[in-house]
Every structure is written in C-alpha cells, then in structure tokens.
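Novice: return atomic coordinates for the entry below.
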Amino acid sequence: MLEMTREEFEELVAEALDRIPPELTRLMDNVAVFVEDEPPVDDPELLGLYEGTPLTDRGEWYAGVLPDRITIYRGPTLRMCESRAEVVEETEVTVVHEIAHHFGIDDARLHALGYG
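Specialist: Predicted coordinates:
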C-alpha cells in the first residue's frame, strides 16, 4: 500500500477543491467536506460519500438543517493507487464526483462523464 500521511492526503483534497471552478463553488450551499481514514465496514472500497439533500431537491422547507456532508476516504484510495500521481488524480475525481451529487447529478450521469 502506498504511504501518505493524513495531513498530506487532506492537502490533496484541499487542492482538488481549489481546482473546482469558482462559478461552481459559489453555488455550493450548506455543505462541509471531511477526510476520514476508512469508510464504513460494510463498504470497505468506498472512496467518497455524499450525505445530504442535493440542491435540486431543496424546497422552501429547507431551512435550519445541518450541512450536507462530503467525506473522502484515505485508506481505500491509497490501497488502489500505485503512485502519488495516481492518488492526486483519483482524489480529484472523487471530490468532483461527490460535489456533483451535491448538485443533484446521479451516478449514471457521472459514469458517462468519466467520473465513475
């Protein structure tokens, strides 16, 4: 398994977030991004997870709720990648994938766009 500290991995996630175009980040609302070492035990290969209400599903009832949560998992990413360059690429793909869920884009469309 490739070695990388949690701090280094968190920096890669931050850099991936910085590469999201500003016109999109301005539209993101009530969402927080976290890094965890491992995903839930029932899905050990999960690279990222979006939990919340997509922007496309929010209505006038949407107020006073906790932020949506995007979690990027370090362990499975490091286990599947063979080089730092692969980790950088996979982290960026995962971050974009989970942000797309925040915008209401489903897995089928993401896979078609190459963000599977």
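Novice: mind checking the SS state of residue 34?
Specialist: strand (DSSP: H, G, I helix; E, B strand; the rest coil).
Novice: ok, it touching residue 71?
Specialist: Yes - Residue 34 lies in contact with residue 71 (Cβ atoms under 8 Å); the separation is 4.9 Å. C-beta: built from backbone N, CA, C; applies to glycine.
Novice: just list the residues touching residue 10, thanks.
Specialist: Residue 10 sits next to residue 35 when contact means Cβ atoms under 8 Å, 6 or more residues apart in numbering.
Novice: distance from the strand or helix carrying it to the middle of the chain?
Specialist: Assessed by DSSP states H and E, residue 10 sits inside helix 6-18. Its chain's average C-alpha position is 11 Å from that of helix 6-18, according to Cα atoms, centre = their mean, to the nearest Å.
Novice: can I get it in PDB, CA atoms only?
Specialist: What follows is helix 6-18, C-alpha atoms only, in PDB (Å, rounded to 0.1, in the frame of the first residue of the first chain):
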ATOM      1  CA  ARG A   6      -3.400  12.100   6.700                       C
ATOM      2  CA  GLU A   7      -2.100  15.700   6.500                       C
ATOM      3  CA  GLU A   8      -0.700  15.100   3.000                       C
ATOM      4  CA  PHE A   9      -4.000  13.500   1.900                       C
ATOM      5  CA  GLU A  10      -6.000  16.300   3.400                       C
ATOM      6  CA  GLU A  11      -3.900  18.700   1.400                       C
ATOM      7  CA  LEU A  12      -4.600  16.800  -1.800                       C
ATOM      8  CA  VAL A  13      -8.300  17.000  -1.000                       C
ATOM      9  CA  ALA A  14      -8.000  20.800  -0.400                       C
ATOM     10  CA  GLU A  15      -6.100  21.200  -3.700                       C
ATOM     11  CA  ALA A  16      -8.800  19.300  -5.500                       C
ATOM     12  CA  LEU A  17     -11.400  21.600  -4.000                       C
ATOM     13  CA  ASP A  18      -9.400  24.600  -5.100                       C
END
